[in-house]
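>>> Dropping a prediction and its sequence here:
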Amino acid sequence: MNIYGCIDALTQYGLRCGLITDDDRMFVRNSILSVLSIDEYIEQPPVGEVPLKEILDGILDYAVRKGLTEDSIAYRDLFDTKIMACLTPRPSEVTAKFAADMAISPETATDNFYKLSCDTNYIRRDRIAQDIKWKAQTGYGELDITINLSKPEKDPKAIAAARNIKSGYPKCLLCEENVGYAGRADHPARQNHRIIPLEIGGEKWALQYSPYVYYNEHCIVFNRTHTPMVINRAAFDKLLDIVTVLPHYFVGSNADLPIVGGSILAHEHFQGGHYTFAMEKAPVEKEYTIGGYEDVSVGRVKWPMSVLRLRSADRTRVAELAGLILDKWRGYTDDKRYIFAETNGERHNTVTPIARRRGSDYEMDIVLRNNITTPEHPMGLYHPHAELHHIKKENIGLIEVMGLAVLPSRLRTELDMLAQFIAQGRNYRVNDILCKHADWADTFVSEIEGKDMNGITERIRLETGKVFAKVLEHAGVYKRDEDGMNGFDAFVDSLMI
């Protein structure tokens, strides 16, 4: 297609997706022409349905030839977002549509808002489809494993240009000032980004979707004021507010301390979505009765991390008990098991909370976290230890806590290469890239030698899932042995003192 065919195909795409109506057709065409610095239009024969990526690639190639943008990932992304803005409804229209859909059902509202976020290319579906995903059976059920490939690699041209940029606007990637922002070398374009205003805890908050969805309808609910993350009683109330408004979604918070936070700690926000994680499916293995809270079901979850599950039809009671657990844990020290509330004035204990609905009941999982470091484990004692860093060394945040591994993109190449070495009977220990995986591979290689590539790859993926289960065990403050469970029980006993 020539550039006019691309413009026509994009207009047709907008009509098919419902982003625009026939009344908007000429306006949208002229808006795109303006972005492309074209002052005429030549009618083209119908081109039929063309995939969005193919249309945008054609427009971007034209823009590069005409010197309208640099030919690099970051600059092409800035430019195609400017193009998609021509088809994206105004924020007021999106908000009104969401409100009208809420009158039908919360599911209708979120379904349509998510579709809009995808259709406008804010969520780049073609990139998300590149992510490698599988499930691995472990002693804690089927864990979700992903190798994230949807975030573009660092762009050398953009990195160089960003050195000269001195801007504090927007303050961070979560601030509402991102809505409609054109972006720059060090900040993504957001002209096609829309948010839904919400009132949470009596404050102004908003709902948006993550542009890099790790699971179905991966959303972010954020404070519209740039204020730091904090876990307190009010945070529990806010989480329960959200699942009251959106009862088909779960919502949780990263912890509010470095290492265990795994998030943007400078801006208060939660993450949620329409997905059932392995942790949600995990059973309660021991029930407790907390004095004064007999109306709230309390149980220890069979999970590699240390999780208390609260459940009641009365959300206020759930929040009150969650607040008690947090207050106790903040000051709780178990030196026998190397759990210290603080050292040298530095606070270590906090929680990762996750809220959901079970019919008319409110359920909240409280995951006990501690970010202490030691000389042997400088990245964190309750963090993946060094022997697991060949697979995962990054912080264990909310998504991983619930049983979804977000693994680095390097593993796509490394695990494929390892499978090839095993299939060919080659020594992976002497390879500069694979040597870090050697001790791990030695534990299972004898069982898959002689298998075809599919069998070898399947086993490597299973073993990767087992490593992730160990990662979560390392992040658990109470270990899954008799002494650890006795320590967990002792903490619960302290709630009744």
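Great, that's in hand.

>>> Using the record's assignment, carve the protein into domains.
Per automatic domain parsing, the domain ranges recorded for the chain read 1-68, 229-382+476-494, 407-475.

>>> Tell me if I am right that residue 471 is in a helix.
Yes - according to DSSP: H, G, I helix; E, B strand; the rest coil, the state of residue 471 is that of a helix.

>>> Pull the distance from whichever strand or helix holds residue 99 to the chain's centre.
Using DSSP states H and E, residue 99 sits in helix 91-102. Between the centre of helix 91-102 and the centre of its chain there are 25 Å (Cα atoms, centre = their mean, to the nearest Å).

>>> That helix packs against which elements?
helix 106-119, strand 196-200 (3 or more Cβ pairs under 8 Å, 6 or more residues apart in numbering; DSSP states H and E). C-betas here are computed from N, CA, C, even on glycine.

>>> Now do the buried residues in whichever helix or strand comes after the longest one.
Read that as helix 106-119. Helices and strands here follow DSSP H and E; after helix 106-119, the next one along the chain is helix 125-128. Under the neighbour-count criterion of 16 or more other Cβ atoms under 10 Å, helix 125-128 has 127-128 buried.

>>> Past helix 125-128, which element shows up next along the chain?
Remark: after helix 125-128, the chain's next helix or strand is strand 132-138, criterion DSSP H and E.

>>> For that following strand, buried residues please.
When burial is assessed from 16+ other Cβ under 10 Å, strand 132-138 yields the following buried residues: 132, 134, 136, 138.

>>> what's the weakest-modelled helix or strand in this structure?
helix 156-162 (a mean of 58; mean pLDDT, DSSP states H and E).

>>> Give the helix, strand or coil label for the residue nearest to residue 183 when sequence neighbours are not counted.
Counting by Cβ to Cβ, 6 or more residues apart in numbering, residue 183 lies nearest to residue 189, which is 3.2 Å off, once chain neighbours are set aside. Assigned by three-state DSSP, the conformation of residue 189 is coil.

>>> how about residue 189, what does it touch?
By Cβ atoms under 8 Å, 6 or more residues apart in numbering, residue 189 lies in contact with 77-78, 81-82, 181-183.

>>> For it, what are phi and psi?
phi -70, psi 140 (degrees, to the nearest 10).

>>> If I look at it, what pLDDT would I see?
Looking at residue 189, its pLDDT stands at 97.

>>> where's the residue most central in space within the chain, which helix or strand?
Central residue of the chain (Cα atoms, centre = their mean): residue 214, 5.1 Å from the mean position. Under DSSP H and E, no helix or strand contains residue 214.

>>> Report the separation between it and residue 268.
According to Cβ to Cβ, to the nearest Å, residue 214 and residue 268 sit 20 Å apart.

>>> that older thread, go through the buried residues of strand 132-138 and name the one nearest residue 59.
Using Cβ to Cβ, residue 132 comes nearest to residue 59 of those, at 29.0 Å.

>>> So what pairs up with the closest one in the strands?
Under DSSP bridges, the beta-bridge partners of residue 132 are residue 147.

>>> Hmm, residue 405 and it touching each other?
No - contact criterion Cβ atoms under 8 Å: residue 132 and residue 405 do not qualify, at 11.2 Å.

>>> Find residues that contact each of these two.
Going by Cβ under 8 Å, 6+ apart, residues that sit against residue 132 and also against residue 405 are residue 146.

>>> Show me the shaky parts of the protein.
Along the chain, the model assigns pLDDT under 70 to residues 152-165, 262, 497.

>>> what about 80?
Applying pLDDT under 80 to the chain picks out residues 151-167, 261-263, 497.

>>> is residue 220 in a bridge, and if so with what?
residue 208, residue 271.

>>> For it, list the residues it contacts.
Contacts of residue 220 (Cβ under 8 Å, 6+ apart): 174, 207-210, 269-272.

>>> got it, and residue 475?
Shown in contact with residue 475 (Cβ under 8 Å, 6+ apart): 260, 304-305, 369, 382-384, 396, 400-401.

>>> which of those residues lies closest to residue 495?
The closest of those, once distances to residue 495 are taken by Cβ to Cβ, is residue 369, at 17.1 Å.

>>> The contacts of residue 475 in strands, which ones?
residue 369 (DSSP state E).

>>> Show me which of the contacts of residue 475 is closest to residue 39.
Among those, and counting by Cβ to Cβ, the member closest to residue 39 is residue 400, at 52.0 Å.

>>> surely that closest one meets residue 471?
Yes - counting by Cβ under 8 Å, residue 471 is a contact partner of residue 400 at 7.5 Å.
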